[in-house]
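Colleague: Have a look; sequence and predicted model below, questions after that.
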Amino acid sequence: MLRLLRAPLRGVTYTRWLHLLVPILIVSIWMFIEPEWPWMPALIVAPFGLVPWVRLAEGLQAQFLLTPHERGRHDGSISTSPSTRWGDRWRTVAWLETRLVLAGAAMVATVWLPVMTVELVTLAMGRSLGSDDVILPFIPPRWAAVPLLPVPLVLLFVIVVLLGEAVTAIAARLLGPSAAERLTALEARTEQLLERTRIARELHDSIGHALTVAVVQAGAARAAGDPEFTERALCAIEETGRAAMEDLDRVLMVLRESGRPPSQRPTLADADRLLESARASGAPVDAELSGPLEKLPGPVTREGYRILQEALTNVLRHSGPVPVRVRIEVAVGRLDLEVTNPLPAEAAPVTGRGSGLRGIRERAALLGGEAETGPHGGNWRVRARLPLERIR
């Protein structure tokens, strides 16, 4: 009841009314051609429903006029895609036929009810009505015509609102997304969420690594008091900061959805940059890289780079410039990556619950691999195993 009372104040009431009346244009044109066959437009429009792009046009029109609040939403009740299956095409045919029927009902109400109001006004003014073209079901006396004046208009709004609700529900049924379209939309939404998570991890790894290196280098340079060492530290800070800015620019470019392709993400072929950065921070790095790293699948080599970056960042952040052993090996069907460093006696052991270590495990899990982080034989070890075959 409240919806009916608010209907005259809602813009969607009038857009749905317009949507109901649009098909009358086809019928009106046909009436000039052959008025004796008023049912012919129903046969004419039926084949058009089999054209894939007609569903797109009808969906856009229905979404614009029937459900304007859903415009731009990925989970709207009305699809705006062309037909891809015969089931969608037959549903479009049924929609076109149903729309003509509802349009006829809306046209009758739109024309007859206002005419009834005019006839009641004529009776209230004391004039008589002709006996041939009277639409009123009965001719009331003059004293009853005045209180009956709003009845046709109220009835018109009730019919328009009910027909608008009906056509919207039917559109959701006949023009709504199919199961395949819903699955595609869900997959696209999942990809977006995964992309956001990946970007968050990359920002954490790249910026966190740069800040950690800068802090360690600045502290070491201040403590050393050696101009030559300070110069090397500043160069390392500059190089690491520049690399972090490149990563930040690339991520921001993706977030802005720029038309330009983003710069190439770093891979394990660029691992020397990370190792030199750690060495410049004062940490002796013993690196052993074996196998064709440049031939690794894209996802494996990119995520492997980030795992190595986060592992070295954790070493510098929690243990300082301690000796680090890095082993990267391309074995049969998998990539093995291991980073170990001694745990300082005065430092509390890392719990393994930080976002960086969690990101390492998440990266490995997304590729179908596994990662272990924690104390091992008096050292702190990060070990990851990433499969190659299933990625290919």
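Modeller: Yep, it's here.
Colleague: Where do the helices of this protein begin and end?
Modeller: Using DSSP state H, the helices assigned to the chain run over residues 2-6, 11-21, 24-33, 40-45, 52-65, 86-124, 142-148, 150-174, 179-224, 227-255, 271-280, 298-314, 355-366.
Colleague: Give me the domain ranges for this protein.
Modeller: For the chain, automatic domain parsing gives the domain ranges 2-177, 183-387.
Colleague: a markdown table for those domains, including mean neighbour count and mean pLDDT?
Modeller: Glycine gets a C-beta too; all of them are placed from N, C-alpha and C. Below are these laid out as a markdown table (neighbours: other CB atoms under 10 Å; pLDDT from 0 to 100):
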| stretch | mean neighbour count | mean pLDDT |
| --- | --- | --- |
| domain 2-177 | 15 | 86 |
| domain 183-387 | 17 | 77 |
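Colleague: gap between residue 340 and residue 285?
Modeller: In this view, residue 340 and residue 285 are 11 Å apart by CB to CB, to the nearest Å.
Colleague: swap in residue 226?
Modeller: Residue 226 is 21 Å from residue 285, by CB to CB.
Colleague: Would you tell me which of the helices of the chain gets closest to residue 335?
Modeller: Counting by CB to CB, residue 335 lies closest to helix 298-314 out of the helices of the chain; the figure is 5.7 Å.
Colleague: counting contacts, what elements does that closest one pack onto?
Modeller: Counting contacts by 3 or more CB pairs under 8 Å, 6 or more residues apart in numbering; DSSP states H and E, helix 298-314 is packed against helix 179-224, helix 271-280, strand 324-331, strand 334-342, helix 355-366, strand 379-387.
Colleague: please redo it, this time with the cut-off set to 7 Å
Modeller: helix 179-224, helix 271-280, strand 334-342, helix 355-366, strand 379-387 (3 or more CB pairs under 7 Å, 6 or more residues apart in numbering; DSSP states H and E).
Colleague: okay if I get these as JSON lines plus distance to residue 19?
Modeller: As requested, these are exported to JSON lines (distance: least, CB to CB, whole Å):
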{"stretch": "helix 179-224", "distance to residue 19": "22"}
{"stretch": "helix 271-280", "distance to residue 19": "60"}
{"stretch": "strand 334-342", "distance to residue 19": "58"}
{"stretch": "helix 355-366", "distance to residue 19": "45"}
{"stretch": "strand 379-387", "distance to residue 19": "54"}
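Colleague: Please look at residue 140 and residue 146 and confirm they touch.
Modeller: No: assessed by CB atoms under 7 Å, residue 140 is found out of contact with residue 146, at 9.7 Å.
Colleague: Excluding covalently adjacent residues, which one is nearest to residue 30?
Modeller: Spatially, and ignoring its direct neighbours in sequence, residue 30 is nearest to residue 41 (5.1 Å; CB to CB, 6 or more residues apart in numbering).
Colleague: From residue 218, how far off is that neighbour?
Modeller: 80 Å.
Colleague: what does residue 158 give?
Modeller: For residue 158 relative to residue 218 (CB to CB), the value is 76 Å.
Colleague: what's the answer for residue 320, then?
Modeller: For residue 320 relative to residue 218 (CB to CB), the value is 13 Å.
Colleague: same check, this time on residue 35
Modeller: For residue 35, the distance to residue 218 equals 90 Å [CB to CB].
Colleague: same question, residue 47
Modeller: Where residue 218 is concerned, residue 47 sits at a distance of 75 Å (CB to CB).
Colleague: Equivalent analysis for residue 95, please.
Modeller: From residue 95 across to residue 218, the span is 68 Å (CB to CB).
Colleague: do the same with residue 92
Modeller: To residue 218, residue 92 is 67 Å away according to CB to CB.
Colleague: cool, residue 110 as well?
Modeller: Residue 110 sits 77 Å away from residue 218, going by CB to CB.
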